[in-house]
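K.L.:
Here is the input, now give the coordinates:
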Amino acid sequence: PMSLNQLASALRVVRNATESEKLYREALRMEPNFSLAKVNLATVQVELQNFEEARKLLASLEDLPLSPAEREEVTSTSVALELYFHVQPGLELARHGGGLESLHQLLSNAPESLLNVDGETLDNIRRYAESARELSLSTEPVSVPLPEDWPLIEALFMIPLVETVAEYRRAKSNLASNSNLTGELLVSANMEAVVNAARLAGDVLQDPIMADMHLRHWHALATNGISNMIPGQFKMTSNVVLGSNVKRTGPHLVAGTVRSYFGEIYKDLPPGLARGLVSLMAIADIHAFEDGNGRVVQTLLNRELEWAGQMPVLLDRDLGFGGQLTKAIRAVRRNNGDISGLIPVIRKGQKLAREFCAELTGS
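P.N.:
The predicted model follows:
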């Protein structure tokens, strides 16, 4: 049973929840009192999007003798799941063109018991903010006008699907002639709507509830039509990033930690690059969503630059997540929160954006 449980949990890391569930059930057939498998069977229902079943199974564990780690997992997922049910009606309206008013109202009325914070993560973010305030950051104005189709350009660089002007033109033509988008083309196309929506947010992110709402809305737009995603919902089970041993904020602490960041730290940061870099690190450390965090944080970083009149970035495969940016983020954590190592990567991304725009408009 223990081996089956371990194999099932490994499969969850590579997003094979269906096979994981089968193995947890087999482990429990062999050992009906195996509490860890019971906990895992309950939480994997969230990844299968069987939310009512997850709620029922979690409730059945309340009176069982569980280890401290098992109890923490049950409590964490239960709290996150209750927040899911609370905000889902507003998210559904927002996703289908009903506006953000209902979502904002529901987030405003969220019970305080669902909004606890991760103090350790917030302390790390405060170190990033202190580092940002100590840096002398020269501004890089938009020396090359952004093309009218900048949202699509930024969108296609997110994964990135394109890296050159020629590739961009081909992808743009493909989008115009293809009404049934799938795979990377769908993921990229979704990001155009995210960039357009984020551009309208402006200074409202200093309000923690508005920041919570907009992050969820951007994620909902980014994951629209993509299978196995839960659009706009913060994670409900603990997520693992392959190749990383960084402690992530627990699901039950995400919403409160996001709000505390924007309400206590973000609003006091200098706008532009400094606030963009700290926000990048904050969302990366909280890891608010099960998937799609990188696309959301790139969108936020570029808006912080754009709102301050600075050049947004384009990140190719070498510069972006999995490349120089990821290495720089890891260095920030190793160096006690010193964010200066991120600046060269951002400057390269701004240079790439200027050169791309100049070539596109010049030809």
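
K.L.:
now for the longest helix along the chain, which elements pack on it?
P.N.:
Longest helix in the chain, counting residues (DSSP state H): helix 68-95. Contacts defined by 3 or more Cβ pairs under 8 Å, 6 or more residues apart in numbering; DSSP states H and E place helix 68-95 against helix 35-47, helix 51-60, helix 101-108, helix 208-222. Quick note: C-beta positions are derived from backbone N, CA and C, even for glycine.

K.L.:
same thing but 6 Å
P.N.:
Secondary-structure packing of helix 68-95 (3 or more Cβ pairs under 6 Å, 6 or more residues apart in numbering; DSSP states H and E): helix 35-47, helix 51-60, helix 101-108.

K.L.:
buried ones in it?
P.N.:
Within helix 68-95, the residues that qualify as buried are 70-71, 73-84, 86-88, 90-91, 93-95, counting by 16 or more other Cβ atoms under 10 Å.

K.L.:
just stretch 115-127 next, same as before
P.N.:
Residues of stretch 115-127 classed as buried: 115-118, 121-122, 124-125, 127 (neighbour count, 16+ other Cβ under 10 Å).

K.L.:
So for that stretch, mean pLDDT?
P.N.:
The predicted model assigns stretch 115-127 a mean pLDDT of 97.

K.L.:
what's the answer for stretch 270-284, then?
P.N.:
Mean pLDDT, computed over stretch 270-284, is 95.

K.L.:
And the contacts of it?
P.N.:
For stretch 270-284, the external contacting residues (Cβ atoms under 6 Å, 6 or more residues apart in numbering) are 125, 128-129, 132, 137, 261, 269, 297, 300-301, 304-305, 308, 310, 329, 339, 342.

K.L.:
Any idea which residue is closest to the centre of the protein?
P.N.:
residue 293 (2.2 Å; Cα atoms, centre = their mean).

K.L.:
so what's that residue closest to, chain neighbours aside?
P.N.:
Nearest residue to residue 293, sequence neighbours excluded (Cβ to Cβ, 6 or more residues apart in numbering): residue 287, at 5.6 Å.

K.L.:
Kindly report the same for residue 337.
P.N.:
Leaving out its chain neighbours, the residue that sits closest to residue 337 by Cβ to Cβ, 6+ apart is residue 127, at 3.0 Å.

K.L.:
Make sure that neighbour is actually in contact with residue 339.
P.N.:
No: Residue 127 is beyond contact range of residue 339, at 9.0 Å (criterion: Cβ atoms under 6 Å).

K.L.:
Using CSV, write out every CA atom in the helix or strand where residue 3 lies.
P.N.:
Taking DSSP states H and E as the definition, residue 3 sits inside helix 2-13. This file holds the C-alpha atoms of helix 2-13, laid out as CSV (Å, rounded to 0.1, in the frame of the first residue of the first chain):
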residue,chain,number,x,y,z
MET,A,2,2.8,2.4,0.8
SER,A,3,4.5,1.8,-2.5
LEU,A,4,1.2,2.3,-4.4
ASN,A,5,0.6,5.6,-2.5
GLN,A,6,4.1,6.8,-3.3
LEU,A,7,3.7,6.0,-7.0
ALA,A,8,0.3,7.7,-7.1
SER,A,9,1.8,10.8,-5.5
ALA,A,10,4.6,10.8,-8.1
LEU,A,11,2.1,10.6,-10.9
ARG,A,12,0.3,13.7,-9.4
VAL,A,13,3.4,15.7,-9.8
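
K.L.:
orientation of it relative to helix 35-47 in degrees?
P.N.:
Using axes from the mean of the first three to the mean of the last three Cα atoms, to 10 degrees, the direction of helix 2-13 lies 20 degrees away from that of helix 35-47.

K.L.:
what does whatever helix or strand comes next after helix 2-13 contact?
P.N.:
Tracing the chain C-terminally past helix 2-13 and defining elements by DSSP H and E, one meets helix 17-30 next. Residues outside helix 17-30 that contact it (Cβ under 6 Å, 6+ apart): 1, 4-5, 7-8, 11-12, 34, 37, 40-41, 44, 47-48.
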